[in-house]
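**Student:** Sequence first, then the predicted structure, then my questions.
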Protein chains: 2
Amino acid sequence: MMKTRVFIVDDHFMVIEGIKSLLQNEAEIEWTGHATNAESCMAFLKREQPDLILMDISLPEKSGIELCKEVHSKYPAIRIIGLSTFNQRSYIEKMMENGASGYLLKNVGKEEILKGIETVMQHKKYFSHEAALTIRSNPNKELPILTRREKEVLELIAAGLTNQEIADKLFISYTTVDTHRKNLLQKFEAKNVAVLINLATKNGLL
Amino acid sequence: MMKTRVFIVDDHFMVIEGIKSLLQNEAEIEWTGHATNAESCMAFLKREQPDLILMDISLPEKSGIELCKEVHSKYPAIRIIGLSTFNQRSYIEKMMENGASGYLLKNVGKEEILKGIETVMQHKKYFSHEAALTIRSNPNKELPILTRREKEVLELIAAGLTNQEIADKLFISYTTVDTHRKNLLQKFEAKNVAVLINLATKNGLL
DNA sequence: TAAAAAATCCTGTTTTTACAGGAGAAAAAT
DNA sequence: ATTTTTCTCCTGTAAAAACAGGATTTTTTA
């Protein structure tokens, strides 16, 4: 059996050290190195390509989601497993959309990491227990899909602009902004702007 | 020189493993164990008391901030260092108010962990580099201090209740709620409720 | 116990949202 | 090329929030 060559990208050194320590005595795993940001990850990949990357989702500067997309398009053979503390549907979905093959929450133990690596290397998808529950259990509480304009308006609302101010800024009519606002409230099933902003920030849209 | 007996509470097993791995060959450090939640931490302390606890701030069920308060009041001799991914003034301050002696961000390396432990054991306070910058640099952007009632009203606003509904719920007048709302906007320097909720969620108040 | 802070209540006015119900034009997807 | 989605605009009304400027009574804290 071939050894799986593993690389890790995470801005938390202690997480890198933890996973390294957990995997160092595993026969099927070969540790190829680590990076603490997107840039040094890409630099490494120019010289050497691992079989699999464990990739933290929240990195400084360029996010794990963007990095995932970039790595996946330039090196489609490399399998990627998302890594995060956040057990949120939106994050998991974004990673998978951008080419990840699996998702591990950072509270997992050695077994789940190994199982994840093994499963993903067999061209199958893998989610750690809790993450799997999240994507299955509440398909009702799905995040609404916003249009480009709606996102734009949402951000300006959060910034404190009134409908009139938003209208002036976007060179559209006051009534158009009102319509977008109406649609935002409807999509989020929010009674008013307080709930809207609350939901939006908690789902990482702001 | 006495060895420092270190205990760690963190719900992420890989972080525990990482710190353990980093500290295991250090002569001045004695590893006494770990817990992944507040309950098992308290259970451990009943049997044995370490010199220092590295305590994650975001734990399931009871938060690190509450646990910190509890440990500090029951075992005042134990030194506590807060541990977190979040470099936010509010979190750092809350931990320090509740009896912590230092604060480490999870992106630190071995040196800062050791320096932190050493410093705190000498009855001094310690903040990791980036955390120290945060508490020093922007004393202007301080979080407003809310009263009990204001917090209550803030939460109900975020839940989508109108002034009248909040008034009914709290058995106070509509005008009182309006005053609290006014004061909240003033304290946060927010133009309207959208900005208020945005700031409040981003600062962990909601 | 005196001073400070917090919580309560009030009258008004203006501005902004929220809600209802359409509808045409431009872009995008099939 | 046609359907669907998105973006745009409109009229009108009711409800709620924001703003101004007080004032009294409880609680806390020094």
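**Tutor:** Now that the structure is in, tell me what you want to look at.

**Student:** Tell me the residues on chain A that lie near DNA strand D, please.
**Tutor:** With C-beta under 7 Å from any atom of the strand as the criterion, chain A meets DNA strand D at residues A:145, A:147-150, A:170, A:172-176, A:178-180, A:192. Placement of C-beta: from N, CA and C, glycine included.

**Student:** ok, which pair from these is furthest apart?
**Tutor:** Across the residues of chain A next to DNA strand D, the longest distance by C-beta to C-beta is 25.3 Å; it joins A:145 and A:174.

**Student:** Have a look at the two and say which one is more surrounded.
**Tutor:** Using other C-beta atoms under 10 Å in any protein chain shown, the more surrounded residue of residue A:145 and residue A:174 is residue A:174, with 14 against 7.

**Student:** roughly how far apart are the closest residue to the more buried one other than its chain neighbours and residue A:155?
**Tutor:** Closest residue to residue A:174 apart from its sequence neighbours, by C-beta to C-beta, 6 or more residues apart in numbering or on different chains: residue A:167 at 4.5 Å. To residue A:155, residue A:167 is 15 Å away according to C-beta to C-beta, to the nearest Å.

**Student:** State the mean pLDDT of the longest helix anywhere in chain A.
**Tutor:** Ordering each helix of chain A by length in residues (DSSP state H) puts helix A:174-187 first. Mean pLDDT, helix A:174-187: 96.

**Student:** Which residues belonging to that helix are considered buried?
**Tutor:** Buried residues in helix A:174-187, counted by 16 or more other C-beta atoms under 10 Å in any protein chain shown: A:177, A:180, A:181, A:183, A:184, A:187.

**Student:** Who are the contact partners of the first one?
**Tutor:** Same thing as residue A:177. A:153, A:163, A:164, A:166, A:167, A:170 (C-beta atoms under 8 Å, 6 or more residues apart in numbering or on different chains).

**Student:** Okay, and the most centrally placed residue in chain A sits in which element?
**Tutor:** Ranked by distance to the mean C-alpha position of chain A (C-alpha atoms, centre = their mean), the top residue is residue A:91 at 3.9 Å. Secondary structure from DSSP states H and E places residue A:91 in helix A:89-97.

**Student:** That helix: which residues count as buried?
**Tutor:** Result for helix A:89-97 [16+ other C-beta under 10 Å]: buried residues A:89, A:91, A:92, A:94, A:95, A:96.

**Student:** hmm, back to that, helix or strand next in line after the longest helix of chain A, which one?
**Tutor:** Taking DSSP H and E, what comes next after helix A:174-187 is helix A:193-202.
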